[in-house]
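[1] Generate coordinates for the sequence data below:
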Amino acid sequence: MNEVEKTMVENMPKESQGPQAVTEGSAPDSSGAVFDPSLHQLGKDGSPVITKKGLFKKRRGTGTKSKIADMTPPDSMANFQACGSTSAEIIFIACQGIGGPDWTPRDEERAYMTEAFTQYYTAKDVQDLPPGVILATALISYGAPRFVMPTTQGRFKRAVAWTKNKIKTLRGIRTPEKVEKPKDLAGNIVQGND
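    Numbers count the residues shown, from 1 in each chain. Next comes the predicted model:
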């Protein structure tokens, strides 16, 4: 073995040789953590359980998921709150654009939705919204209300009929037919900028 290999072998963590007499506050593990019976698991003989990596094995249910908000730095919490507020506003704008003024949120709904999004982003550690989500929401908010307008409906119906006719023609089911122009309720042909 060369000198580098010897150094690597010497610095490798040693395998645990069974239970060790470790009491609370003494003999840290390989990461430097001090044994805490409320966080770390004890073996049948009362000594701490040590993993293959030389770490104290954690007890079940001592994860950090429930304590995320307490451990999050203040500047990160501001990011989570900003993302939560932005997400709630995006939803409100999209709903108002599609559903009209009946979808205007009340103050308590606005606060509730903002808090719900903030908690979600805190739990998932999302500190920034993807720009694609914002753009897609804006485009849907703009386009969706226009599909109920008569001119748009007429053009959309003609496009669907034309597409169906082309597919049937390509499959050889029928010969091409002329697509009729859409009519309003009075039977008049709807004029559009074709």
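
[2] Show me the shaky parts of the protein.
    Within the chain, the segments meeting pLDDT under 70 span 1, 4-5, 7-9, 11-27, 61-74, 174-179, 192-194.

[3] All the helices of it, residue numbers only.
    In the chain, the helices defined using DSSP state H lie at 3-11, 68-71, 74-99, 107-124, 131-143, 150-171.

[4] need those in JSON lines with mean neighbour count, can you?
    For glycine as for every other residue, the C-beta is placed from the backbone atoms N, C-alpha and C. As requested, these are arranged in JSON lines below (neighbours: other CB atoms under 10 Å):
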{"stretch": "helix 3-11", "mean neighbour count": "9"}
{"stretch": "helix 68-71", "mean neighbour count": "11"}
{"stretch": "helix 74-99", "mean neighbour count": "16"}
{"stretch": "helix 107-124", "mean neighbour count": "15"}
{"stretch": "helix 131-143", "mean neighbour count": "12"}
{"stretch": "helix 150-171", "mean neighbour count": "13"}
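
[5] Count the neighbours of K183 for me.
    Number of residues near K183 (other CB atoms under 10 Å) recorded here: 11.

[6] Is it correct that it is in contact with R158?
    No. Contact criterion CB atoms under 8 Å: K183 and R158 do not qualify, at 11.3 Å.

[7] okay, now the domains of this structure?
    Annotated domains of the chain cover 1-63, 67-146 [automatic domain parsing].

[8] Please tabulate those in a markdown table, including the columns distance to G172.
    Listed next are the domains of the chain as a markdown table, based on distance: least, CB to CB, whole Å:
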| stretch | distance to G172 |
| --- | --- |
| domain 1-63 | 63 |
| domain 67-146 | 35 |
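
[9] among the helices of the chain, which is nearest K52?
    K52 lies closest to helix 3-11 among the helices of the chain, at 16.4 Å (CB to CB).
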